[in-house]
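Peer 1: have a look at this fold, sequence not included:
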């Protein structure tokens with residue numbers, strides 16, 4: 001090849017190597033304590049990509065908390081009376097509750113309970129429920 005083509009090829013190679021070096025430097029932690037941006041040479045895993053509530057959920061699961069958002073609740077328990085209502089944990093001031101009012105029935109009566117005083121289910125059995133604060137905090 002002519003000398004001008006060789007010179008252009010060398011300049012191009014030097015420019016590509018410089019760009020690759022800049023990319024490598026940008027993806028590794030610096031001595032100034034600045035965190036690295038992304039990962040290089042592989043696809044990031046789920047924990048590296050998670051943000052917000054998803055990240056908090058993963059952290060809680062790693063710690064061994066099986067129900068980080070308190071969604072399991074009390075599925076079965078004693079009948080709720082006005083003196084001793086069924087306690088329903090929640091992170092919020094209200095929660096949707098489903099009550100199977102008859103033992104053999106597949107019909108679920110859904111209703112909303114609010115924090116404060118105990119409330120009755122609108123079904124014929126009139127079971128009582130009370131909203132209580134959930135034990136774990138996963139707010140962002």
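Peer 2: Everything's here; your move. This is a predicted model, so every value here is computed, not measured.
Peer 1: helix or strand next in line after the helix or strand in which residue 61 is found, which one?
Peer 2: In this structure, residue 61 is located in helix 52-63 according to DSSP states H and E. Next along the chain after helix 52-63, taking DSSP H and E as the criterion, comes strand 86-90.
Peer 1: buried sites along the following helix or strand past that next one?
Peer 2: The first helix or strand that comes after strand 86-90 along the chain, using DSSP H and E, is strand 94-99. For strand 94-99, burial by neighbour count (16 or more other CB atoms under 10 Å) applies to 95, 97, 99. Yep, even glycine has a C-beta here, placed from its N, CA and C like the rest.
Peer 1: strand 94-99 pairs with which strands, parallel or anti?
Peer 2: The strands beside strand 94-99 in its sheet (DSSP bridges) come out as strand 109-114 (antiparallel).
Peer 1: picking up where we left off before, which of the residues in the helix holding residue 61 are buried?
Peer 2: For helix 52-63, by 16+ other CB under 10 Å, it's 56, 60.
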